[in-house]
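>>> Model the following, please.
(one chain, ligands or ions: 1)
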Amino acid sequence: MPAVEMKPNIYWIGVNDRTTDLFEGIWPISNEGVSYNAYLVKDEKNAIIDLSKAFKTDEFFDHIGEMIDMTDIDFVIMNHLEPDHSGVLSTFLKINPNVQILCSAKAKEMLECFYGITENVRMVEDGETLSLGTRTLQFFMTPHVHWPETMMTYDTKDKILFSCDAFGSYGALRGGIFDDDCTDPEFYETEALRYYVNIVAKFSNPTLKAIEKLASIDVKMIAPSHGLIWRNNPSRIVQLYQKWAEYAKSPGETGVTLIYGSMYGNTEKVMNSVAQGISSQGIQVDIFDVARTHVSYILPSLWTKAGVMIGVPTYEGSMFPPMVDVLNMAGVKKIQNKKAAIFGSFGWSRGAQRGIDARCESLNWKLVDQYEFCGAPSKVDIQRGFDFGVKFAKAIL
Ligand code: FEO
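Below is the predicted model:
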């Protein structure tokens, strides 16, 4: 996509990525894509805010070259050192070795560690300003949103907050880059939640601190490093991030994530009756087959819903392994304060639910009910599944 003017002398110069399968090597984006947003600010001195992954480097530099001679860039502001924003930095320095890199103190260490860069690096402090001539940029330290070195850059003239990962989303840009020229904002809000829970959620407390810190700043436009730029309603994405961050310390919304696995359809039969029981009480149920759904898509429901219903058979005397993987990732992402119940089929021995008390305790989930049946479910087992779902729904209500 060619460069887009955001304000006179401020341009989006990012790139879309529709070929990377896994963001961070973990999270699927084959269907959704992602954008690496970077920004050019032209003035008496010229600055670039954030860069790009080492991907389509020619296209990225071509964008810049259409706007300005690369050697006329005075500053590169690195809000964050993760390689999706810094990957082209070494190549950039070969073209323009005199550019000054501005970053936080922690980022200075990372520049050496990731790229061996030690020259022309200027550390900036919280609240420090940089005059470009007619325009002043201000820096705010926002550690752990996402990495410890992260900061944000604020354009005091046009009141644009370049927020880096904060307020970002998966989803390559589809022509329009602004919230007001996007025809499917729901797509980006859905992908913002998945991005939040996959990438940022573990740092919810720093996210809330950053939102509080920036509350007194007059922000007319939020320009994150991934996804839409919010100029029509910048408070929308801030409110969403705030709501999601607050779920770190609360059960979340009334609703149930039903995660299940089934080897031969027996646990699945009862799963359907459990789901009927839950929904009969007017509670939304999100259902995921853990063996067929990447955990990236399960985490948003686990994060936002108050209840977790686990349907899992015994496999070789233990819990069906794909379920173990999902529960482990829930622990990694600190999904807490849930109510949980577990059911499932066993054959010649039990084992799926062994240790579930300790597992729930370590997750900080309250286990409220358990139910196991042997082999294929009878009519009685299926009715029990329905009643099990009703009882759990009432516990959530
Ligand atoms: Fe988009 Fe934490 O990098």
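
>>> Can you tell me the closest non-neighbouring residue to Tyr154?
In this structure, Tyr154 finds its nearest non-sequential neighbour in Gln138, 4.6 Å apart by Cβ to Cβ, 6 or more residues apart in numbering. From N, CA and C alone the C-beta is placed, and that goes for glycine too.

>>> check contacts around that neighbour.
127-130, 153-154, 156 (Cβ atoms under 8 Å, 6 or more residues apart in numbering).

>>> Can you tell me which of those residues has the most neighbours?
Highest neighbour count within the contacts of Gln138: Thr153, with 25 neighbours (other Cβ atoms under 10 Å).

>>> All the strands of the stretch 51-200 of the chain, residue numbers only.
With DSSP state E, counting those that start in this stretch, the ranges of strands along the stretch 51-200 of the chain come out as 75-77, 100-103, 121-123, 129-131, 136-141, 151-155, 160-164.

>>> measure the residue of the stretch 151-300 of the chain at minimum distance from the ligand to Leu51 for me?
Going by Cβ to the nearest ligand atom, the ligand is nearest to Asp165 of the stretch 151-300 of the chain, at 4.4 Å. According to Cβ to Cβ, to the nearest Å, Asp165 stands 14 Å off from Leu51.

>>> Over to Gly355?
46 Å.

>>> if you count what's nearby, which of the two comes out ahead?
Leu51 (27 against 12).

>>> Ala38 is in contact with the more buried one, correct?
Yes: between Leu51 and Ala38 a contact is recorded at 5.5 Å, counting by Cβ atoms under 8 Å.

>>> Centre of the chain to stretch 275-293, how far?
Distance of stretch 275-293 from its chain centroid, counting by Cα atoms, centre = their mean, to the nearest Å, is 23 Å.

>>> What of stretch 144-153?
14 Å.

>>> circling back: what touches both of Leu51 and Ala38?
60, 85.

>>> quick one, what contacts the residue lying closest to Lys7 once chain neighbours are set aside?
Counting by Cβ to Cβ, 6+ apart, the nearest residue to Lys7 once its immediate chain neighbours are dropped is Asp158, at 4.6 Å. Asp158 sits next to 7, 10, 220-221 when contact means Cβ under 8 Å, 6+ apart.

>>> got a pLDDT number for Asp158?
The model reports Asp158 with a pLDDT of 98.

>>> do you know how far it is from Asp180?
16 Å.

>>> so which of the strands of the stretch 51-200 of the chain comes closest to Val332?
Val332 sits nearest to strand 160-164 of all the strands of the stretch 51-200 of the chain, at 22.3 Å, using Cβ to Cβ.

>>> Pull out the buried positions in the closest one.
Neighbour counts over strand 160-164 (16 or more other Cβ atoms under 10 Å) mark 160-164 as buried.

>>> So which bits of the stretch 1-150 of the chain are right by the ligand?
Applying Cβ under 6 Å from any ligand atom, we find that the stretch 1-150 of the chain lies next to the ligand at 80, 82, 84-85, 146-147.

>>> Give me the distance from the longest helix seen in the chain to the chain's centre.
In the chain, with assignment by DSSP state H, the single longest helix is helix 379-396. Once both centres are worked out by Cα atoms, centre = their mean, helix 379-396 turns out to sit 34 Å from its chain's centre.

>>> One more: stretch 334-341?
The mean C-alpha position of stretch 334-341 is separated from the chain mean by 19 Å, Cα atoms, centre = their mean.

>>> Dump it to CSV, keeping only the CA atoms.
Output of stretch 334-341 as CSV, limited to C-alpha atoms (Å, rounded to 0.1, in the frame of the first residue of the first chain):
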residue,chain,number,x,y,z
LYS,A,334,-2.8,-15.7,33.5
ILE,A,335,-6.5,-16.3,32.8
GLN,A,336,-7.8,-16.3,36.3
ASN,A,337,-10.9,-15.9,38.6
LYS,A,338,-13.0,-18.3,36.6
LYS,A,339,-15.6,-20.9,37.7
ALA,A,340,-14.9,-24.3,36.1
ALA,A,341,-16.5,-27.7,35.8
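
>>> Now do that stretch, average pLDDT.
Rounded mean pLDDT across stretch 334-341 is 98.

>>> So for it, what gets flagged as buried?
335-336, 338-341.

>>> Next, format these as CSV and append distance to the ligand.
Listed next are the buried residues of stretch 334-341 as CSV, based on distance: Cβ to the nearest ligand atom, whole Å:
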residue, distance to the ligand
Ile335, 20
Gln336, 23
Lys338, 26
Lys339, 32
Ala340, 30
Ala341, 35
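
>>> list the buried ones in the worst-scoring helix or strand of the chain on mean pLDDT?
Of all helical and strand segments in the chain, the minimum by mean pLDDT, DSSP states H and E falls on helix 57-67, at a mean of 92. Neighbour counts using 16+ other Cβ under 10 Å place 57, 60-61, 63-64, 67 of helix 57-67 among the buried residues.

>>> Return the closest of those residues with respect to the ligand.
Closest to the ligand, out of all of the buried residues of helix 57-67 and judged by Cβ to the nearest ligand atom, is Phe60, at 15.0 Å.

>>> Understood, closing this out.
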